[in-house]
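J.: Starting from these lines, generate the structure:
(2 chains)
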Amino acid sequence: MATPFNVKKLIFSLITLLCVVIAVLYTLFSARSRGPEHSNLSSPPAGQSSSATAGKSPSDAGTQSLNDVPRQTHQKTPSDLSTGGTASATASKVGSPSGTQAEARQEGKLHAVPRLVAINLRDSPDLGKVEFAPLDAVDEQKTPTDLHCERVYFAANKGICLSRQIKMLSAQTVATLVDANFQPITTFRTDGIPTRARISPDGRFAAFTVFVTGHSYTDVQMSTATLLLNIEEGKIIANLEEFKVFKDGNEVKALDFNYWGVTFQRDSNFFYATLRTGGTDYLVHGDIKAKTVTVIYQNVDCPSLSPDETRIAFKKMLSRNNWRLSVLDLKTLQETPLAETRIVDDQAEWLDNHRVLYSLPASPPWMDVMVVSSDGSGEPKIFAKGVTSPAVVR
Amino acid sequence: MYQADNPADLLKNKRGVPGSRISWTNVGSTVFLLGVTSLLTDISSEMVSATLPLYLLVALRFSPFQVGVVDGLYQGAAVLVRVASGLISDRWRRPKQVAAAGYGLSAICKLGFLIAGSSWTGISSVILLDRIGKGIRTAPRDAMIAASSQRHQLGTAFGVHRAMDTAGAMLGPLLAVGILSVAPQAYDAIFVVSLCVALIGLAVIVLFIDNPSDEAVVSVGDTAAIESPANQGRVSLHSMGRLLWQPEFRTLVIAGSALALVTVSDGLLYLALQQRMTIANGFFPLLYVITALMFMILAIPVGQLADRIGLKSVFLLGYVMLAGAYGVLLLPKMNYPVAVLMLTLLGAYYAATDGVFMALASRVLPGHLRATGLALLTTGIGLARLLASTLYGIVWGWLGVQRALMLFICGLIAVLLIAWRIVQKVEES
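T.: Predicted coordinates:
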């Protein structure tokens, strides 16, 4: 090249100066516009800042009158109560709500009639918040709450709400146990991002699953952690990976156990879940007291037990990232693919003994909750528009 | 045992090197400048790599499965273009321009992240292009390092480059953490800073590095005059095929790939370590940091050692280190000092194999086909590693971690013994 060395040096100095100035200014500008105080707030789905929802006064009172459950001010979970920065989840009690709120709410209204609890994904001020509605009027009689979740489940007057927080270069899941009025009781945190949550039909136990990701996008390790909670004691009982695993009568030992998708029986000491080891997804039956799980079938993803406990709705993996919603008869081990042919990535929820609910992506960030017959007949229909994470409260 | 084999090597190298020790400051400005470019580019790319999963999962709310797909793109894309870029840079004899194109493409991709926003196709295309950029630049860059170094300094030269490269890979995530602590969730700031750093790196290669002159190419890469300047002619697919029939190069490809086939990927070794001593997930990245730190510290001294006692001995010794690291994982008791020992062995393995093997291949390859040859070699190793990870995954699920490691140690020792015999026949100077 003919350019003299000094000219090159000059060009290089200019480029370097320009780049450094832009980098520094942009970072400072971002720091000013965002401010570090936002760092510990849980962010709601679709990236809206949750700070906007805190302390908001209830404005549209008309939506509440049907249900007698007034809206409450969103309670931030105190992040400074978590102890230790390790992977083990930490629990913290949340102080009881203030007197005015206690006066305002009325116990048990959630259960007056069977309801659908789900997360609102419609474009409205309540985006990312839990709402509930009677099963026969899910689109017409919605009641919003101030609970922000990415995944929610309700049973027996207890709820679990999963949200995520960002801490520097890692994401944490905050699992909040709530009462029938959507008031926080206890929070737990653990590393990873939220995916599945369940509460046992008797309200004694809860379980949730997080994805624990790897350190970089060259190495995203899709490992999961599933934690069992005792709701009454407000304690984590176990990470399922601590349970002994039995297959064909023999104990199996491996280091690559990954569990997800717990679904409880009415006798809540027992549950079903998916266990992946050696690249295979097994359906396991778990015993909490004995701390064991037993492999009963394979290629079952995200099981969901029917109310009569005879069948399991699940995702059957057809190929990587492609699942078919199916039902497994627990007695005959007969599989029935359901009429939904689109890819379903959800833990299904039984509406009754004959129909299952699941969420399906509509145009993002929308999701619709769909309903389909559990015997493989009929066609999938939209059950509730613009919501996800359905839970049927009977 | 390796030293007993090598008094001849020592003597041979001593002839070329008046002083017994080769100063690492003596490697020539091109190697340093390429090191600076790599350092800056690695800062730029690693600050994005460290934050991208979070950006995808938390800011854009991709599902982990989508991130898995992105990850697959990342792995596969580089392999495809590597050989093509090596061939083109040899054919045009313009390794600098080809490498600069690769650096430039990756730099522009940082801008692409800002423009792509939250579009799934947008983001995955940008990642694909970014990896293609990496695939383009690697082989011509290594060929330039070889072409601008003295034969007896190749180990040191590659050592200096890898030390700077790894330093960048360690600084990148730190810079990202720094930015996120000042401006939380400011992923756009990460991309802007990353772009700026990459542009400075690009400026270094474009402005200050010249293509090695043809004479240098011939005089350095003369490998017993396998290809005399007269019959070099045009570089084509045909000459690439002929290259694979050259016995010494073929030996290296076979030995390198066979060894890679019994190499367990870092991620899986860390996972095994984590399972043995329950390392908190938050500390998982620390395992990478310690390994990289050891690699960085050891790269230059090990390169110097290789120049003194022979590149092939050090290369094979590197795999002995790897076998040692597996062995440590099988110890009955695990504690932090033992874990650090394992990570040090792993870092030493990288220091003794990564740059040293490229140096060894550079000596064997004819100068006018060096980039092509290095590209073929890294592609072979890359494919073998991918296969090894899959294989290990299967064996792990089947036999459990302890027995899988045991099997891989046995395989590694067996392959190492064979490699030792065949690699010794490769004339390195």
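J.: so where is the stretch 51-200 of chain B shaky, pLDDT-wise?
T.: Residue ranges of the stretch 51-200 of chain B with pLDDT under 70: B:57-59, B:61-77.
J.: that's a strand at residue A:9, yeah?
T.: No. Looking at residue A:9 with DSSP: H, G, I helix; E, B strand; the rest coil, it is helix, so not inside a strand.
J.: got a list of what the closest residue to residue B:364 other than its chain neighbours touches?
T.: Using Cβ to Cβ, 6 or more residues apart in numbering or on different chains and skipping residues adjacent in sequence, the residue nearest residue B:364 is residue B:248, 4.6 Å away. Where C-beta positions appear, they are placed from N, C-alpha and C, glycine not excepted. Applying Cβ atoms under 8 Å, 6 or more residues apart in numbering or on different chains, we find residue B:248 in contact with B:223, B:364, B:425-427.
J.: Okay, strands next: where are they in the stretch 251-394 of chain A?
T.: A:258-264, A:270-277, A:280-287, A:292-298, A:301-305, A:311-319, A:322-329, A:335-337, A:349-350, A:355-361, A:367-373, A:381-384, A:387-393 (DSSP state E, counting those that start in this stretch).
J.: Next, the angle strand A:311-319 makes with the first one.
T.: Translated: strand A:258-264. Orientation of strand A:258-264 against strand A:311-319 (axes from the mean of the first three to the mean of the last three Cα atoms, to 10 degrees) gives an angle of 160 degrees.
J.: Packing partners of strand A:258-264?
T.: strand A:193-199, strand A:205-212, strand A:223-230, strand A:270-277, strand A:301-305 (3 or more Cβ pairs under 8 Å, 6 or more residues apart in numbering or on different chains; DSSP states H and E).
J.: Next one, pLDDT for residue 377 please.
T.: No chain was given, so I picked chain A. Among the per-residue scores, residue A:377 shows a pLDDT of 93.
J.: Not quite, go with chain B.
T.: Taking residue B:377 on its own, its pLDDT is 93.
J.: Provide a list of residues in contact with it.
T.: Residue B:377 makes contacts with B:249, B:252-253, B:256, B:357-358, B:361, as judged by Cβ under 8 Å, 6+ apart.
J.: can I get these in TSV with neighbour count and pLDDT?
T.: Output for the contacts of residue B:377, formatted as TSV (neighbours: other Cβ atoms under 10 Å in any protein chain shown; pLDDT from 0 to 100):
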residue	neighbour count	pLDDT
B:249	22	92
B:252	27	93
B:253	21	93
B:256	22	94
B:357	25	95
B:358	26	95
B:361	26	94
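J.: quick one: which of those sit in helices?
T.: B:249, B:252-253, B:256, B:357-358, B:361 (DSSP state H).
J.: Between these, which sits nearest residue B:91?
T.: Using Cβ to Cβ, residue B:249 comes nearest to residue B:91 of these, at 18.2 Å.
J.: Nearest residue to that closest one in space, please, no chain neighbours.
T.: Nearest non-adjacent residue to residue B:249, counting by Cβ to Cβ, 6+ apart: residue B:364, 5.3 Å away.
J.: I'd guessed that neighbour sits against residue B:374; true?
T.: No. Contact criterion Cβ atoms under 8 Å: residue B:364 and residue B:374 do not qualify, at 10.5 Å.
J.: Neighbour count: those two, which is higher?
T.: residue B:374 (27 against 24; other Cβ atoms under 10 Å in any protein chain shown).
J.: and the more buried one, what does it touch?
T.: Going by Cβ under 8 Å, 6+ apart, residue B:374 touches B:86, B:138-139, B:142-143, B:146, B:358, B:361-362, B:365.
J.: nearest spatial neighbour of residue A:172, skipping sequence neighbours?
T.: residue A:165 (4.7 Å).
J.: Just the pLDDT at that neighbour, thanks.
T.: We have a pLDDT of 78 for residue A:165.
J.: counting contacts, what elements does the helix or strand that contains it pack onto?
T.: According to DSSP states H and E, residue A:165 maps onto strand A:158-167. With contacts defined as 3+ Cβ pairs under 8 Å, 6+ apart, the packing partners of strand A:158-167 are strand A:143-148, strand A:151-155, strand A:170-178, strand A:193-199, strand A:205-212.
J.: what sits up against the second one?
T.: Where contact means Cβ under 8 Å, 6+ apart, the residues beyond strand A:151-155 that reach it are A:110, A:117-119, A:130, A:159-162, A:194-201, A:203, A:206, A:208, A:389, A:391, A:393.
J.: if you set the cut-off to 6 Å instead, what comes out?
T.: Defining contact as Cβ atoms under 6 Å, 6 or more residues apart in numbering or on different chains, one finds that strand A:151-155 is touched by A:117, A:119, A:130, A:160-162, A:194, A:197-199, A:201, A:389, A:391, A:393.
J.: could I get these as TSV with neighbour count?
T.: Converted to TSV, the contacts of strand A:151-155 look like this (neighbours: other Cβ atoms under 10 Å in any protein chain shown):
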residue	neighbour count
A:117	25
A:119	28
A:130	25
A:160	24
A:161	28
A:162	24
A:194	23
A:197	26
A:198	26
A:199	27
A:201	18
A:389	26
A:391	23
A:393	19
